[in-house]
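In: quick one, structure for this:
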Amino acid sequence: MQIAIDGPASAGKSTIAKLIAKELNFIYSDTGAMYRAVTLMAKLNNVKYNDEENILLLMDKFKISFKNSVEGQRVFINDQDVSEEIRTVEITNNVSEVSALPIVRERLVEEQRRIAQEGDVVMDGRDIGTTVLPNAEVKIFMIASVHERAVRRFKEYESKGIDVSLETLEKEIEDRDYKDSHRKISPLKKAKDAIELDTTGLSIDQVVQKVIDIIKK
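Out: Next up is the predicted model:
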């Protein structure tokens, strides 16, 4: 079975997808982490975020992989654990530009489809139900208000000691939404057969239960 969970930034996709995969004993694939890892590759190698040719060379040189640990899934570039580095403010604010590069999306979509062939999978992102897994048995499009998503990110950053105002985060999320939904290649949009789920005001447990109910149906 393939379960596709799409939605804008900080709608809760990854958190919910991880819990659903654990509950059902499915493979979990965080496609957003892949794009973040490529963005980090560019940063660490002083390559501009819109330099498609050189980013492609980096993707040939460095391998992205995932490993499970007691702390949850970890993200690696070659043998280096970059799980924290890919979540910094700079990577968050520039991943949309890298994600919009056609060859980057082509390469990573190919890899994501390969992962989906390995067994039952829960995959989250922005174009899973529309592009990566268009034949997924379950498609969910998670949304939440900009304010709620900014509050979630604010709490996440606060726990990591990152000082960013709530107003700044709301503006960054609005900008990210615009970039993601207006890019030429695989823009963020709800698949025609996806079920929309508004997570505003809901607890994590409530959202998980709603998703499980949808899957059972």
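In: when you work out contacts or count neighbours from here on, use the C-alpha atoms and nothing else.
Out: Will do.
In: where along the protein do the strands fall?
Out: Ranges of strands within the chain are 2-6, 27-30, 64-69, 72-77, 80-81, 121-125, 138-143, 195-198, based on DSSP state E.
In: rank these by mean pLDDT and give me the bottom one.
Out: Ranked by mean pLDDT, the strands of the chain bottom out at strand 64-69, which scores a mean of 84.
In: save the strands of the chain as a markdown table, and put in mean neighbour count and distance to residue 161 too.
Out: A markdown table is the format used below for the strands of the chain (neighbours: other Cα atoms under 10 Å; distance: least, Cα to Cα, whole Å):
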| stretch | mean neighbour count | distance to residue 161 |
| --- | --- | --- |
| strand 2-6 | 27 | 28 |
| strand 27-30 | 21 | 24 |
| strand 64-69 | 13 | 23 |
| strand 72-77 | 17 | 20 |
| strand 80-81 | 12 | 20 |
| strand 121-125 | 27 | 26 |
| strand 138-143 | 24 | 27 |
| strand 195-198 | 16 | 29 |
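In: quick one: closest of those to residue 95.
Out: Distance to residue 95, taken as Cα to Cα, is lowest for strand 121-125 among the strands of the chain, at 12.6 Å.
In: who does that closest one pair up with?
Out: The pairing partners recorded for strand 121-125 under DSSP bridges are strand 2-6 (parallel), strand 27-30 (parallel).
In: now do the last one: everything it contacts.
Out: What it means is strand 27-30. Contacting residues not belonging to strand 27-30 are listed as 14, 17-18, 21, 112, 115, 119-125 [Cα atoms under 8 Å, 6 or more residues apart in numbering].
In: how about it as CSV, C-alpha atoms only?
Out: Extracted in CSV, the C-alpha atoms of strand 27-30 (Å, rounded to 0.1, in the frame of the first residue of the first chain):
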residue,chain,number,x,y,z
ILE,A,27,8.4,2.3,5.5
TYR,A,28,8.5,6.0,6.1
SER,A,29,10.0,8.3,3.4
ASP,A,30,10.7,12.0,4.2
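In: so how far is it from its chain's centroid?
Out: 10 Å (Cα atoms, centre = their mean, to the nearest Å).
In: distance of the residue nearest the centre of the chain relative to residue 210?
Out: The centroid of the chain falls nearest to residue 32 when counting by Cα atoms, centre = their mean (2.8 Å). Applying Cα to Cα, to the nearest Å, the value for residue 32 to residue 210 is 23 Å.
In: and if you look at residue 29?
Out: From residue 29 to residue 210 the distance is 20 Å (Cα to Cα).
In: now the longest helix along the chain: buried residues?
Out: Secondary structure of the chain read by DSSP state H shows that its longest helix is helix 166-182. Residues of helix 166-182 classed as buried: 166, 169-170, 172-174, 176-177, 179-180 (neighbour count, 16 or more other Cα atoms under 10 Å).
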